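Undergrad: Structure for the following, please:
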Amino acid sequence: MIRHLAVLVLLALSLARGADSQQAPAPREWWRDTVCYEIFVRSFQDSDGDGVGDLKGLISRLPYLTDLGVGCLWLMPIAQSPSYHGYDVTNYYRINRDYGSDEDFRQFMAEAHRRGIRVVVDLVLNHMSSEHPYFKSALLDRESPYRDWFLWSPTQRQSKGWSVPTWHKVEERDEYYYGLFWRGMPDLNLANPAVTEEAKKVARYWLTEMNVDGFRLDAVGLFFEDGDNPRNGPGTHPWLRDYTSYIRQVKPAAFTVGEVWDSVETMRAYYPDQLDAYFAFPLADGVIDAARKGSSRSLLFQLDQVQRSFPRGRYGSFLRNHDQTRTMTELNGDGRRAKLAATLLLTMPGVPFVYYGEELGMTGAKPDPRLRTPMPWNRQTSMGFTTGLPWEPLQPDSLTANVEAQSSDRGSLLNHYRAMIRLRGSLSALGSTGDFVALETGSDHVLAYLRRDEKSAAVVIANLSDRAVDGPKISLAKSALGRENYSIRSAFGRADASSLRVSAEGRIEKWSPVATMEPLSSVILEIIPDR
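TA: Coordinates of the predicted model:
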C-alpha cells in the first residue's frame, strides 16, 4: 500500500512570500538567539575506555561547549539501535546501550540546562530498523496488527531518482517491502493513523520524560511518496502541520528543525505553519563556494532566494553536516578559507549550526564513518577521546587539529570560532532575524553586507581572494540607514576609517573603511549613530 492521503491539502503560499519574510518576527523564541552544535555522541568523548563515546563523556565536555559559546546541542540518534549510526531504531523509548542509561541521559539534560544549554535530539520517523519487533511481526504474519505500519508490493518496483534498490524481496514469499535507504530500514506508513499516534507518543515521551527542548526531524522530505517519486508527497504538509501542532501543545517552547535536502523553491511549501525551521542546504553550498572559489556570486544569489522565500530567520544555516564532506576537506586544508567560511556563517541571518570538530578544522570524506570520526582533544593516547581503542580511527591530522593545541594558539581556527560566536551573541544585528543588505564593492572577490536590527548595525567586509585588496570602495544606492553621521567601532579586524556619512537620500558612496585587506581576511565594523 502506497502512502497517499485522499485529499490533497494545498499550502496557501503566494509570490508575496518575500513581503511576508520581511515583516517583524513573532515573539522571539529561544532558538532565534543561539548557535547550535551538532554532536555524534559515539565520537565525542568516551568515559569508560571501550572506545565508544557516551553520555558521561559528553557531560564531562560540557565546559568546553560552554566556553565555545554554543547555546543549543543537536544530538544525532541516541535511541536503541543495532547500527553504529543509530538511524535504524529498535526502541524509541530507550537510550542506546552503547551511550549509557536513561538515567545518564537525564543527568546530562540537567547538567546542560544548568549551564543554559538547550538540547535537541534526532527524531527518526521516516523509517525504523528491520530488527524492530513491529516490523518483525508484520514480516512474519500478514494478519499482524502492524502490517499496515509498513508498505508492501506484490511486484518489484523502484523509486525515481534512486540508484539503489528501494523495494526489497521478502525471502519467504513473492512480496516486497519499501525501504528507501536500505533493506535494514523499512519505511513507516505515516498515512496510517496508528503510526502517527505512536509518533506523537514518542515525541511526548522525549519532551516530558526526558525533558528535551525539541527535535531535528530526519528525512522530512521523504515522509510521503507520490507514486514512485519518493520526495515531497501530498500528505507531507498536512501531516507536519498536525504533528508540529501536537508538539507545541505538549511543550510550547519546543524547537523543531527538519531535513529537506532540496531546492529553495521546493522548500517554500514547508512554510509557514509546519516546523519552525529547515536546513538551507543551497545556502550552505553558497558559503562553501564563496570560500573555496573566491567569488560572492553564488552565495549572494542563494541568500537572496532564501530571504525572499522563507519567513525571517526561520532556517538553519550551516557549512557541512554528518552526511557531507567536511568543510576543511572541501577547502583543501586551507585554514584561512575555513576562517572565512566561519565568519560568513556566523554573521549571516538564520540559526547557525556547527558540526562537531568543524571549529578545529577536522577533515573527512566518504564513506560515512570517516565523516564522523572521534573528536581529538589533546596529544595523549587516542587524542584524549578514549583510553582504549577508538571505534573508528581518528583523522591523520589530529596531532594539530585538536582542542589542546588550538586553545593555546591565539590565531587558531578554534579561537576564531569562539570569537565569532561571542561577537554574534553580543552584537544583536548579527543575529538570526536582523536585516541583511548586500553592499556594492565593484568586485565579486570582495563581499560586503550590512546587518541591522532595532538595537544595532554592523558592516561585514570579506576579501574572498588570495590577493590583498587596497581600499575596497563600498557603496549603496538605496536607503538602508537613515541620513546621519555614524561612528565606526572595529568589532573584528582593523578599521582605518572612524566615521561614515549617509547622504540625504540614504546612499553610501565609495566609502573606504579599510586601507588594505589581507588575502582571505574579514573585518566587522559596528556602525554607531552620532547623537
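
Undergrad: Looking at stretch 516-531 now, give me its mean pLDDT.
TA: Mean pLDDT, stretch 516-531: 93.

Undergrad: how about that stretch: buried residues?
TA: M517, L520, S521, S522, V523, I524, L525, E526, I527 (16 or more other CB atoms under 10 Å). Where C-beta positions appear, they are placed from N, C-alpha and C, glycine not excepted.

Undergrad: pretty sure A199 belongs to a helix, no?
TA: Yes - the assignment for A199 (DSSP: H, G, I helix; E, B strand; the rest coil) places it in a helix.

Undergrad: what about it, distance to D368?
TA: Distance of A199 to D368, computed by CB to CB, to the nearest Å: 26 Å.

Undergrad: Who has more neighbours out of the two?
TA: A199 (18 against 11; other CB atoms under 10 Å).

Undergrad: wait, doesn't the more buried one sit right on Y243?
TA: Yes - with contacts counted by CB atoms under 8 Å, A199 reaches Y243, the gap being 6.8 Å.

Undergrad: So what does the closest residue in space to C72 that isn't next to it in sequence look like in phi/psi?
TA: Excluding its sequence neighbours, the residue lying closest to C72 (CB to CB, 6 or more residues apart in numbering) is C36, at 4.0 Å. Backbone torsions of C36, given as degrees, to the nearest 10, read phi -100, psi 160.

Undergrad: follow-up on the earlier one: quick check, nearest of the buried residues of stretch 516-531 to S83?
TA: L520 (39.7 Å; CB to CB).

Undergrad: The closest residue to that closest one other than its chain neighbours: neighbour count?
TA: In space, and not counting its chain neighbours, L520 is closest to R336: 3.9 Å by CB to CB, 6+ apart. Burial of R336 is recorded as 15 neighbouring residues (other CB under 10 Å).

Undergrad: State the number of residues packed around the nearest residue to Q45 once chain neighbours are set aside.
TA: In space, and not counting its chain neighbours, Q45 is closest to G57: 3.1 Å by CB to CB, 6+ apart. A count of neighbours around G57, defined by other CB under 10 Å, yields 20.

Undergrad: Could you say which helix or strand holds G57?
TA: helix 55-60 (DSSP states H and E).

Undergrad: on that earlier part again, just confirm the residue nearest to L520 contacts L464, I think it does.
TA: No - counting by CB under 8 Å, R336 does not reach L464; the two are 10.6 Å apart.

Undergrad: Pick out the residue closest to the middle of the protein.
TA: F353 (4.3 Å; CA atoms, centre = their mean).

Undergrad: I'd say it and W31 touch.
TA: No - assessed by CB under 8 Å, F353 is found out of contact with W31, at 10.7 Å.

Undergrad: Can you list the residue ranges for strands in the stretch 401-531 of the chain?
TA: Using DSSP state E, counting those that start in this stretch, the strands of the stretch 401-531 of the chain run over 435-439, 446-452, 457-463, 469-470, 474-476, 484-492, 499-502, 508-511, 516-517, 521-529.

Undergrad: how about these in CSV, adding distance to S309?
TA: As requested, the strands of the stretch 401-531 of the chain are arranged in CSV below (distance: least, CB to CB, whole Å):
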stretch, distance to S309
strand 435-439, 14
strand 446-452, 18
strand 457-463, 22
strand 469-470, 32
strand 474-476, 23
strand 484-492, 30
strand 499-502, 30
strand 508-511, 27
strand 516-517, 32
strand 521-529, 27
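
Undergrad: right, so the ones you listed: which one is the most enclosed?
TA: strand 457-463 (a mean of 25; mean count of other CB atoms under 10 Å).

Undergrad: got the CA positions of that one in PDB?
TA: Extracted as PDB, the C-alpha positions of strand 457-463 are listed here (Å, rounded to 0.1, in the frame of the first residue of the first chain):
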ATOM      1  CA  ALA A 457      24.000  47.900  13.000                       C
ATOM      2  CA  ALA A 458      27.200  46.300  11.600                       C
ATOM      3  CA  VAL A 459      29.100  46.000   8.300                       C
ATOM      4  CA  VAL A 460      30.900  42.800   7.400                       C
ATOM      5  CA  ILE A 461      33.600  43.000   4.700                       C
ATOM      6  CA  ALA A 462      35.400  39.900   3.400                       C
ATOM      7  CA  ASN A 463      38.200  39.600   0.900                       C
END
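
Undergrad: Setting aside sequence neighbours, what's the nearest residue to L414?
TA: With CB to CB, 6+ apart, the residue lying closest to L414 is Q406, at 3.8 Å.

Undergrad: Tell me which helix or strand the residue nearest to L520 sits in.
TA: For R336, the host element (DSSP H and E) is helix 335-347.

Undergrad: do H113 as well
TA: Assigned by DSSP H and E, H113 falls in helix 102-114.

Undergrad: Y64 - that's part of a helix, no?
TA: Yes - looking at Y64 with three-state DSSP, it is inside a helix.

Undergrad: I figured it hits V403, correct?
TA: Yes - look at Y64 against V403 with CB under 8 Å: they come within range, at 6.7 Å.

Undergrad: The two: who's more crowded?
TA: Shown here are Y64 and V403; by other CB under 10 Å, V403 has more neighbours (22 against 16).

Undergrad: check contacts around the residue lying closest to that one once chain neighbours are set aside.
TA: Nearest residue to V403, sequence neighbours excluded (CB to CB, 6+ apart): W377, at 5.0 Å. Contacts for W377 (CB atoms under 8 Å, 6 or more residues apart in numbering) come out as Q45, M383, G384, F385, N402, V403, E404.

Undergrad: Over to Y315?
TA: A277, Y278, F279, A280, L283, V306, G350, V351.

Undergrad: Identify the residue nearest it in space, chain neighbours excluded?
TA: A280 (4.5 Å).

Undergrad: okay, and for this protein, where does confidence drop off?
TA: Within the chain, the segments meeting pLDDT under 70 span 1-28, 479.

Undergrad: For the contacts of W377, which ChimeraX command selects only the ones that are buried?
TA: Selection of buried members from the contacts of W377 for ChimeraX, criterion 16+ other CB under 10 Å:
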select :45,383,384,385,402,403
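
Undergrad: Which residue ranges of the stretch 151-300 of the chain form strands?
TA: Under DSSP E, counting those that start in this stretch, the stretch 151-300 of the chain gives strands at 152-153, 167-169, 176-178, 214-217, 255-258, 277-279.

Undergrad: Could you list every helix and strand in contact with the fifth one?
TA: Using 3 or more CB pairs under 8 Å, 6 or more residues apart in numbering; DSSP states H and E as the contact test, the elements touching strand 255-258 are strand 118-123, strand 214-217, helix 236-250, strand 277-279.

Undergrad: List the buried residues in that strand.
TA: Buried-residue list, strand 255-258, by 16+ other CB under 10 Å: F255, T256, V257, G258.

Undergrad: strand partners of that strand, parallel vs antiparallel please.
TA: strand 214-217 (parallel), strand 277-279 (parallel) (DSSP bridges).

Undergrad: And the contacts of it?
TA: Contact with strand 255-258 is made by 29-31, 72, 74, 118, 120, 213-217, 220, 240, 244, 247, 270, 274-279, 316, 351, as judged by CB under 8 Å, 6+ apart.
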